[in-house]
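>>> test case, fold it:
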Amino acid sequence: MQSTIPSSVTTGSEIMEQIDMITGYHLAEQQFDKCLVTLNCFHGAEEVTLSPILSMDFPLAKEYFESFPQHASCTNNDQDELILGDHYQEKEEARELLSPTCCYPLFKFAQEKKFLESKLYTVKNLCFRKEKIYEDWRRERSFRMREYIQFSTMSKTELWISQVIAEVKVFFDEMGFTVSVENASDPFFSTKSLKGKLQRQQELKKEFVVDGLAIASINFHLNSFCKKCEIMVDDQVGYSSCFGLGYHRFWYILTQKYGIDLSIKLLEEYINRKTKNRNRGELIDV
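Below you'll find the model as predicted:
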């Protein structure tokens, strides 16, 4: 959660502006949660609260750290301190990963579980990524996200992905934004990365882009993560997908377009309208 004034802020007016942004965000975060709940594709999700700290013996944490040490934020249990420097030299000392996503802790939570049918979870958490450049609210060292993660069969996962894309596009439209859904690869991959190229070619990741900024994304992991975490669905290795909304970035584009007070009002009106529709038994029109 954004809770401190960025170091780039120097003047009194800039400080007051950031205080207003932070105060407004605290109000908006709960409204973001309520907005997403109104979407049919997320209905019935089980919410879990999880630590963002992952042991390096967890397969997804180990793979991420070994593949992208330059992006990893880690802790060292022996010295009980945050390692923020060059991870190449400190690689052997790292004991825990501060998760770069909400879904990694969820996969840890679901490790070795056997589901009889499709299962949908939701997690809100801080995520941690080391970048070369940071921008207030748009690209931060730690940032708040909410993700919805589904475990299912391949065909049902593909169907859920299509439903999410359709409904989230309508949501952004009702918020007054023109959103484009674009094929993408995870930012950890370099432009020459084979995994990144395969991700794009197979259209496994799509981003919801507003004015050049990715506000949300949906990822299809195929059965890769479930295989590594031994997660079964209907006696078969499960397939998984996750949708994530970057709360800080969403707040940024809202306030850039409407200002703080009008953004809060717009969210409240959307929630009230959708709640009334749901109470009347109406479904979202996609």
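>>> burial check on residue 176, number of neighbours?
Residue 176: 10 surrounding residues under other Cβ atoms under 10 Å. Bear in mind the C-beta positions are built from the backbone N, C-alpha and C, glycine included.
>>> the residue nearest to the spatial centre of the chain bridge partners, please.
Geometric centre of the chain, nearest residue: residue 244, 3.3 Å, by Cα atoms, centre = their mean. Taking DSSP bridges as the rule, residue 244 bridges to residue 147, residue 217.
>>> hang on, it packs against residue 101?
Yes - with contact defined as Cβ atoms under 8 Å, residue 244 reaches residue 101; the gap is 7.2 Å.
>>> mind listing the shared neighbours of those two?
Common neighbours of residue 244 and residue 101 (criterion: Cβ atoms under 8 Å, 6 or more residues apart in numbering): 145, 147.
>>> residues near residue 69, how many?
A total of 17 residues lie near residue 69 under the criterion other Cβ under 10 Å.
>>> residue 97 versus that one, what's the distance?
Counting by Cβ to Cβ, to the nearest Å, the gap from residue 69 to residue 97 is 10 Å.
>>> and the chain, what are its domains?
Listed domain ranges for the chain are 12-52+99-279, 53-98 (source: automatic domain parsing).
>>> can you list the ones you listed in a markdown table and add mean pLDDT?
Supplementary listing: the domains of the chain in a markdown table, determined by pLDDT from 0 to 100:
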| stretch | mean pLDDT |
| --- | --- |
| domain 12-52+99-279 | 91 |
| domain 53-98 | 74 |
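>>> so of those domains, which one's packed in deepest?
Across those, the average number of neighbours (mean count of other Cβ atoms under 10 Å) peaks for domain 12-52+99-279, which reaches a mean of 17.
>>> roughly how far out does that one sit from the chain middle?
Put simply, domain 12-52+99-279 sits 4 Å off its chain's centre (Cα atoms, centre = their mean, to the nearest Å).
>>> how about the helices in the stretch 51-200 of the chain?
Per DSSP state H, counting those that start in this stretch, the stretch 51-200 of the chain carries helices over the ranges 59-67, 87-90, 103-110, 154-174, 194-201.
>>> residue 267 is nearest to which of those?
With Cβ to Cβ as the measure, helix 154-174 is the member of those nearest residue 267 (10.8 Å).
>>> now residue 176, nearest residue through space, not along the chain?
Counting by Cβ to Cβ, 6 or more residues apart in numbering, residue 176 lies nearest to residue 257, which is 6.7 Å off, once chain neighbours are set aside.
>>> quick one: contacts for that neighbour?
176-177, 263.
>>> and for residue 122?
Contacts of residue 122 by Cβ under 8 Å, 6+ apart are 36, 42, 45-48, 146-149.
>>> ditto for residue 44
Neighbouring residues of residue 44 by Cβ under 8 Å, 6+ apart: residue 120.
>>> repeat that for 10 Å
The contact partners of residue 44, taken as Cβ atoms under 10 Å, 6 or more residues apart in numbering, are 119-120, 122.
>>> what about it, distance to residue 151?
13 Å.
>>> which one's the longest helix in the chain?
Criterion DSSP state H: the longest helix present in the chain is helix 12-37.
>>> in terms of secondary structure, what does the helix or strand following that helix contact?
Counting by DSSP states H and E, the next helix or strand C-terminal to helix 12-37 is strand 46-47. Applying 3 or more Cβ pairs under 10 Å, 6 or more residues apart in numbering; DSSP states H and E, we find strand 46-47 packed against strand 119-128.
>>> residue 114 contacts residue 233, correct?
Yes - counting by Cβ atoms under 10 Å, residue 114 touches residue 233, with 8.0 Å between them.
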